[in-house]
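Novice: Predicted structure and sequence below. I'll ask about it afterward.
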Amino acid sequence: MSNSTYFFRIIASHGVIFEGKILTVIFNTIDGQREIQAHHEEMVIAVDLGSLRFQTPDFEWHRYVVGIGTAQVANNRCTVLVDTCERPEDIDRNRAKAALERAKEQLRQKHSIEEYKMSKASLARALTRLKETYKE
């Protein structure tokens, strides 16, 4: 791994989560995980629900649970724009379990295709949030 740094920013629907120099970032895409290091080629890529982690110049790793969004890499900068972003230690496990049960119940009911897809997305988010809280 290179020790070169680059500017990184995470923006969620509720505001800027992080801005600063980092060594590397790893996040989920629909094709698997993607790692971005300094001087990466320019691109725009879809970010998928799951874990996002990055390493700061002091070699400390930071983890977040993110929703869907996009990442743009250009001019030795990376910006990740996602609908939700939270630290695993900030997730209320009881609320996440309740959301999981609600999503499961909604899937059992007969709904339109749109409601079914929304329920599946809710289920995936709840499962991801719970999974990430148990990695602490």
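Specialist: Yep, it's here. Values in this document were obtained by computation on a predicted structure and should not be read as measured data.

Novice: burial measure for the nearest residue to residue 8 once chain neighbours are set aside, as a count.
Specialist: If you skip the residues right next to it in sequence, residue 8 has residue 22 as its closest partner in space, 4.4 Å away by Cβ to Cβ, 6 or more residues apart in numbering. (Each C-beta comes from the backbone N, C-alpha and C, glycine too.) Using other Cβ atoms under 10 Å as the criterion, residue 22 is surrounded by 20 other residues.

Novice: just the one 3 residues further on next, same as before
Specialist: Taking other Cβ under 10 Å as the criterion, the count of residues near residue 25 is 23.

Novice: Skipping adjacent residues, who's closest to it in space?
Specialist: Counting by Cβ to Cβ, 6+ apart, residue 54 is the residue found nearest to residue 25 once chain neighbours are left out, at 4.0 Å.

Novice: May I have the beta-bridge partners of the residue positioned nearest the centre of the chain?
Specialist: Within the chain, the residue whose C-alpha comes closest to the C-alpha centroid is residue 66; the distance, by Cα atoms, centre = their mean, is 2.4 Å. Beta bridges link residue 66 to residue 50, residue 85 when assigned by DSSP bridges.

Novice: That one reaches residue 84, doesn't it?
Specialist: Yes: look at residue 66 against residue 84 with Cβ atoms under 8 Å: they come within range, at 6.6 Å.

Novice: Which residues are in contact with each of those two?
Specialist: Listed contacts common to residue 66 and residue 84 are residue 12; contacts here mean Cβ atoms under 8 Å, 6 or more residues apart in numbering.

Novice: which residues sit in contact with the residue nearest to the centre of the chain?
Specialist: Taking Cβ under 8 Å, 6+ apart, one finds 10, 12, 27, 47, 49, 50, 51, 52, 80, 82, 84, 85 in contact with residue 66.
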